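Trainee: Mind looking at a prediction? Sequence and model below.
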Protein chains: 2
Amino acid sequence: MAIADAIESYLAKIAFNADGLVPVIAQRHGTNEVLMIAWMDREAFINTMRTGQMTYWSRSRKKLWRKGETSGNTQTLREMHIDCDGDALLALVDQVGPACHTGEMTCFFEKLKS
Amino acid sequence: MAIADAIESYLAKIAFNADGLVPVIAQRHGTNEVLMIAWMDREAFINTMRTGQMTYWSRSRKKLWRKGETSGNTQTLREMHIDCDGDALLALVDQVGPACHTGEMTCFFEKLKS
């Protein structure tokens, strides 16, 4: 099947780390605001590409986690990019509600004064 | 000294991983383009905050690496943000030339078609 073939070809490009994970930057489509960074394993990547709903691997809970599954603050994938050495992904997403569990739009709301 | 105190207080907020590293997303000031992701150890963070020049820890070369030290494509820090659980940084930077060693502006130039 064409979609499955495409996903397999993408998986072959991704340099997962020793734990089988790759970091994913979620960026808001339109504003280009960086919302959060999280991790995907192979299954999370496959689920995300198949469903269009951002799905991560929770390192603390050690399980797949579809963003917004409890909060309702889902992320719909618009574009997936991979970096030049294949060890990081950048996802452009449509964010429903705030991305951060604190209620802030972005998890990077705290600025360190320089 | 005030600057050193500030840097110490920031270091205390950062949840470095088991290897003593934290991922840093570099985002272009003005356009909000995500340029790259790299890693900092404590010393790289201190150097970055002191000099205003983005300095990373190279996991492959196992040494500090001031962005642009060989290419001239430096990154000057404009704002440093930390995420809600302290385990990732987002740096807004002024990028000289392309950020990517391939000559592309961003390391995330490859889009995976969905």
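Mentor: Thanks, I have it. Fair warning: this is a prediction, and the values are worked out from it, not measured in the lab.
Trainee: contacting residues for the closest residue to residue A:47 other than its chain neighbours?
Mentor: For residue A:47, ignoring the flanking residues on the chain, the nearest one in space by CB to CB, 6 or more residues apart in numbering or on different chains is residue A:55 at 4.2 Å. (Each C-beta comes from the backbone N, C-alpha and C, glycine too.) By CB atoms under 8 Å, 6 or more residues apart in numbering or on different chains, the contact set of residue A:55 is A:40, A:44, A:47-48, A:64-67.
Trainee: Bridged to residue A:55, which residues?
Mentor: Beta bridges link residue A:55 to residue A:66, judged by DSSP bridges.
Trainee: what residues does chain A put near chain B?
Mentor: Residues of chain A lying close to chain B (CB under 8 Å from any CB of the partner chain) are A:6, A:10, A:13, A:23, A:25, A:27, A:31-34, A:36-37, A:49, A:52, A:77, A:79-85, A:88, A:90, A:100-102, A:104, A:107-114.
Trainee: wait, doesn't residue A:81 sit right on residue B:113?
Mentor: No - using CB atoms under 8 Å, residue A:81 is not in contact with residue B:113, being 10.8 Å away.
Trainee: When these two are compared, which one has more neighbours?
Mentor: residue A:81 (19 against 7; other CB atoms under 10 Å in any protein chain shown).
Trainee: Which of the three states applies to the more buried one?
Mentor: Recorded secondary structure, residue A:81: strand (DSSP: H, G, I helix; E, B strand; the rest coil).
Trainee: circling back: out of the contacts of residue A:55, flag the one nearest to residue B:73.
Mentor: residue A:40 (29.0 Å; CB to CB).
Trainee: Beta-bridge partners for that closest one, please?
Mentor: With DSSP bridges as the rule, residue A:40 is bridged to residue A:22.
Trainee: That one and chain B, how far apart?
Mentor: 13 Å (CB to the nearest CB, to the nearest Å).
Trainee: Quick check, that residue in contact with residue A:25.
Mentor: No - using CB under 8 Å, residue A:40 makes no contact with residue A:25, being 11.2 Å away.
Trainee: okay, and the common contacts of these two?
Mentor: Jointly contacting residue A:40 and residue A:25 under the rule CB under 8 Å, 6+ apart are residue A:89.
Trainee: Show me the shaky parts of chain A.
Mentor: A:1, A:114 (pLDDT under 70).
Trainee: Okay, helices next: where are they in it?
Mentor: A:2-13, A:42-51 (DSSP state H).
Trainee: May I see these arranged in CSV, with mean neighbour count and distance to residue B:73 as well?
Mentor: Output for the helices of chain A, formatted as CSV (neighbours: other CB atoms under 10 Å in any protein chain shown; distance: least, CB to CB, whole Å):
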stretch, mean neighbour count, distance to residue B:73
helix A:2-13, 12, 25
helix A:42-51, 18, 30
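Trainee: How about the contacts made by the residue of chain A found nearest chain B?
Mentor: Nearest residue of chain A to chain B: residue A:32, at 3.5 Å (CB to the nearest CB). Neighbour list for residue A:32: B:31-34 [criterion: CB under 8 Å, 6+ apart].
Trainee: Mind checking which of these are in strands?
Mentor: With strands taken from DSSP state E, the overlap with the contacts of residue A:32 comprises residue B:34.
Trainee: between the contacts of residue A:32, which is closest to chain A?
Mentor: For the contacts of residue A:32, the minimum distance to chain A (CB to the nearest CB) is 3.5 Å, reached by residue B:32.
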